[in-house]
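Colleague: fold the following, please.
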Amino acid sequence: MDPANIARQLLISALPVLIAITFHEVSHGLVANKLGDPTAKMLGRLTLNPIAHIDIFGTILLPFILIVATHGKFVFGYAKPVPINPMNFKDPKRDMAISAAAGPITNFILAFLSFLVLRGVIVPAAAFVSPSLVETVFRPLAMIFTSSIVINVILAVFNMIPIPPLDGGRVLTGFLPLRQAATFSRIEPYGFIIVIILLYTGIADAFITPFIRFFLRLFKVYY
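Modeller: Predicted coordinates for the structure are as follows:
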């Protein structure tokens, strides 16, 4: 992938990645605050300013590495997790699951809104403007909103892998009986190692790729 294409892909993906991870994290904090935990609010994390949520590796280096390594076909990133103290909840197990689910749900909403703008505004409007305007304005906009759909779907599906500390693991914990939930939660310190192994061996890919493709087809994106 030549430097010009890398730069173009970064420009196309940078804004959708920042919006996706910022809204993902803020939604966790907003729902937690609504359920009785003001930790994120007190630490200034209920802000849409992406600087407050940027993780040097997850937000900057990882997306760049993936763009180069996959020739722009796969982009993924993450932000600094919003701090949540479940002890502030009325029902810690249930409310933690609700707070965790807020992130992926928000990403699906962002993907749907991007789809509406793309198919309801950009594509129809492009038929009424000059070819030069299509190339300089509408095509780049279409690529940005398509990228937003892909990034938000990937972020939502990936985070729903049922292994803590991913959101799916915390949602699953909320549905398990108390004793089983406590046992399951003990794997959280090793959760990312397990996820990396599953990704490296291709096991995770076999499970999450069909879901990613299913949702992208719903949004008429063929990936």
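Colleague: run through the neighbouring helices and strands of the lengthiest helix in the chain.
Modeller: With residue count as the measure and DSSP state H as the assignment, the chain has helix 3-34 as its longest helix. Other helices and strands packing on helix 3-34, by 3 or more C-beta pairs under 8 Å, 6 or more residues apart in numbering; DSSP states H and E, are helix 39-42, helix 62-69, helix 92-117, helix 139-159. Placement of C-beta: from N, CA and C, glycine included.
Colleague: distance from it to the middle of the chain?
Modeller: Here helix 3-34 is found 7 Å from its chain centre; the criterion is C-alpha atoms, centre = their mean, to the nearest Å.
Colleague: check stretch 27-36 too.
Modeller: Between the centre of stretch 27-36 and the centre of its host chain there is 18 Å, according to C-alpha atoms, centre = their mean.
Colleague: and for stretch 127-141?
Modeller: Stretch 127-141 has its C-alpha centroid displaced from the chain centroid by 29 Å (C-alpha atoms, centre = their mean).
Colleague: neighbours of Leu198, how many?
Modeller: Close neighbours of Leu198, defined as other C-beta atoms under 10 Å, add up to 17.
Colleague: what sits closest to it if chain neighbours are left out?
Modeller: Counting by C-beta to C-beta, 6 or more residues apart in numbering, the nearest residue to Leu198 once its immediate chain neighbours are dropped is Ala204, at 3.8 Å.
Colleague: ok, that neighbour touching Ile196?
Modeller: No. Counting by C-beta atoms under 8 Å, Ala204 does not reach Ile196; the two are 9.2 Å apart.
Colleague: these two: which is more packed in?
Modeller: Taking other C-beta under 10 Å, Ala204 and Ile196 do not tie; Ala204 has more neighbours (18 against 11).
Colleague: what's the helix or strand for the more buried one?
Modeller: In this assignment (DSSP states H and E), Ala204 forms part of helix 203-218.
Colleague: ok, Ile122 - contacts?
Modeller: The neighbours of Ile122, taking C-beta atoms under 8 Å, 6 or more residues apart in numbering as the test, are 138, 141-142, 145.
Colleague: any idea how far the residue nearest to Leu178 when sequence neighbours are not counted is from Met87?
Modeller: Computed as C-beta to C-beta, 6+ apart, the closest residue to Leu178 that is not its neighbour in sequence is Lys93, at 7.1 Å. Here Lys93 is placed at a distance of 12 Å from Met87 (C-beta to C-beta, to the nearest Å).
Colleague: looking at those two, which is more packed in?
Modeller: Using other C-beta under 10 Å, the more surrounded residue of Lys93 and Met87 is Lys93, with 18 against 9.
Colleague: who touches the more buried one in this structure?
Modeller: Under the contact definition (C-beta under 8 Å, 6+ apart), the residues listed for Lys93 are 86, 173-174, 178, 181.
Colleague: roughly how far apart are the residue nearest the centre of the chain and Gly58?
Modeller: Within the chain, one residue has its C-alpha closest to the average C-alpha position: by C-alpha atoms, centre = their mean, that is Leu155, at 2.9 Å. To Gly58, Leu155 is 11 Å away according to C-beta to C-beta.
Colleague: need the residues touching each of those two.
Modeller: Overlap of the contact sets of Leu155 and Gly58 (by C-beta under 8 Å, 6+ apart) consists of 21, 78.
Colleague: please report how far the residue nearest to Leu198 lies from Ala100.
Modeller: As it turns out, when the distance is counted by C-beta to C-beta, Ala204 lies 18 Å from Ala100.
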